[in-house]
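Asks: Provide a 3D model corresponding to the input given below.
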Amino acid sequence: MPPPRTGRGLLWLGLVLSSVCVALGSETQANSTTDALNVLLIIVDDLRPSLGCYGDKLVRSPNIDQLASHSLLFQNAFAQQAVCAPSRVSFLTGRRPDTTRLYDFNSYWRVHAGNFSTIPQYFKENGYVTMSVGKVFHPGISSNHTDDSPYSWSFPPYHPSSEKYENTKTCRGPDGELHANLLCPVDVLDVPEGTLPDKQSTEQAIQLLEKMKTSASPFFLAVGYHKPHIPFRYPKEFQKLYPLENITLAPDPEVPDGLPPVAYNPWMDIRQREDVQALNISVPYGPIPVDFQRKIRQSYFASVSYLDTQVGRLLSALDDLQLANSTIIAFTSDHGRQSMDLVELVSLFPTLAGLAGLQVPPRCPVPSFHVELCREGKNLLKHFRFRDLEEDPYLPGNPRELIAYSQYPRPADIPQWNSDKPSLKDIKIMGYSIRTIDYRYTVWVGFNPDEFLANFSDIHAGELYFVDSDPLQDHNMYNDSQGGDLFQLLMP
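Replies: All right, here's what the predicted structure looks like:
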């Protein structure tokens, strides 16, 4: 199993002008609720750039590719932490995990760190009807068991009733029995309720769009899809798109030379699935059998194609209802690239506000725990080439000055049972990554979970990879460099 990289996500933004896809020709912005642009925010769970629009020649994703063909497609968009709840709270509040103080799934930032405004809350306060469908905020404690309602939403968020079966014994194995497997192609008519969460979410979102067609107020609709997050539970017909004989192995499966053990992820969540347990893979470094590797990739690609059909249904409805030419579409993954620059998902808040014609929230002071409305991300409006718009002074002109930051917690210096998602009290080390167009630099430092404090004088390990000479980040050059000095120079 390969180690985790920095938290790369996907980010597409733009104005829909003449079809369901995003075009960049508009030079005007809305200045009142009567001519305000609607917003459709599509959030996908654990989607990597395994799409045709990113050059993948195997994956079938025609609907997403069509959207991307008319969109501002970011090639290097980075999540601020590659864990669902912290990542979502980060980009939905425009704050970094060290500000939200959410690194796991077990606290609510409004109590834990500050009463920060969210993207939908800001739109709601500016006259929008805000609606949530599916997995937008992470359900549970991290969103106060309410998906941050009523702060963020005009009425209670919708969750598909079938999502409670995602991790239960609904996967029929070769033995004819039901299992809680990683690989789970299903006959939809045979599963509980005869449906799947993402199908239900699409249906609900379309119903809401139909209601909003006659609304006097603009809408902000966030639709969160579960797939292709594990388990790979999807309609079995999508598996037929990817015969196993056409599935290649991962192009770079080896652990990088010189990778420190603290950086290695043992993927314990995957190991808990019944079909993976049956493989008896040694922990933490045991290799997955080659035939099972192909099956994993087959099911991931099939899950992406299933997701693509749901996105296609949603966008077709937007077009059929004649809402497309007045709607901004933003499509992003929470973690998992034709703009050239590095961008961060934390920039979603100011950019969506700017595109919609709302006042862009001010930059946050340091620290900003006492400030409800501000943003730590950059306003990316300059990428849309609007005329007569004031550019964000925090956007550097030289691409070599662009930096993306991300972080990841660990419970120990060596892989543990909870290495992939430790609870706050167990976090002893925090990895901070800097990504530039030239290199990726990571330093693993001591962390005090009681004070939410990283100790940069307590360096446990480091990583340094040069993009031009080592694009797959296979050779850690940290011990051959003076990495600590470099990191101190580049930290914000």
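Asks: element containing the nearest residue to residue 166 once chain neighbours are set aside, please.
Replies: Residue nearest to residue 166 in three dimensions, not counting chain neighbours: residue 233, with 6.3 Å by CB to CB, 6 or more residues apart in numbering. (Glycine included, C-beta is placed from N, CA and C.) In the assignment (DSSP states H and E), residue 233 maps to strand 232-235.
Asks: tell me what that strand is packed against?
Replies: strand 183-186, helix 290-320 (3 or more CB pairs under 8 Å, 6 or more residues apart in numbering; DSSP states H and E).
Asks: Which of these sits closest to residue 150?
Replies: helix 290-320 (25.0 Å; CB to CB).
Asks: Buried ones in the closest one, by neighbour count?
Replies: Within helix 290-320, the residues scored as buried using 16 or more other CB atoms under 10 Å are 292-315, 317-319.
Asks: Equivalent analysis for stretch 456-471, please.
Replies: Buried, per 16+ other CB under 10 Å, within stretch 456-471: 460, 461, 462, 463, 464, 465, 470.
Asks: between those, which is closest to residue 372?
Replies: Nearest to residue 372 among the buried residues of stretch 456-471, counting by CB to CB, is residue 460 at 35.2 Å.
Asks: Count the residues that sit near the closest residue to residue 257 other than its chain neighbours.
Replies: Once flanking residues are discounted, residue 257 sits nearest to residue 475: 4.9 Å by CB to CB, 6+ apart. Residue 475 sits with 15 neighbouring residues when counted by other CB atoms under 10 Å.
Asks: Enumerate every residue touching the residue most central in space within the chain.
Replies: Nearest to the mean C-alpha position of the chain, counting by CA atoms, centre = their mean, stands residue 334 at 0.9 Å. Neighbouring residues of residue 334 by CB atoms under 8 Å, 6 or more residues apart in numbering: 9, 43, 44, 45, 46, 79, 84, 87, 88, 91, 345.
Asks: so how far is residue 220 from it?
Replies: If you measure residue 334 against residue 220 using CB to CB, to the nearest Å, the figure is 18 Å.
Asks: circling back to that earlier point, in which helix or strand does the closest residue to the residue nearest to the centre of the chain other than its chain neighbours reside?
Replies: Counting by CB to CB, 6+ apart, residue 87 is the residue found nearest to residue 334 once chain neighbours are left out, at 4.5 Å. Using DSSP H and E, residue 87 falls within helix 84-93.
Asks: about what we covered before: kindly provide the whole-number mean pLDDT of the strand holding residue 233.
Replies: The pLDDT scores in strand 232-235 average 98.
Asks: in it, what counts as buried?
Replies: For strand 232-235, burial by neighbour count (16+ other CB under 10 Å) applies to 232, 233, 234, 235.
Asks: CA atoms of it as CSV?
Replies: Output in CSV follows, covering the C-alpha atoms of strand 232-235 (Å, rounded to 0.1, in the frame of the first residue of the first chain):
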residue,chain,number,x,y,z
PHE,A,232,-17.0,0.6,-3.5
ARG,A,233,-20.8,-0.1,-3.4
TYR,A,234,-22.2,0.7,-6.8
PRO,A,235,-24.6,-0.8,-9.4
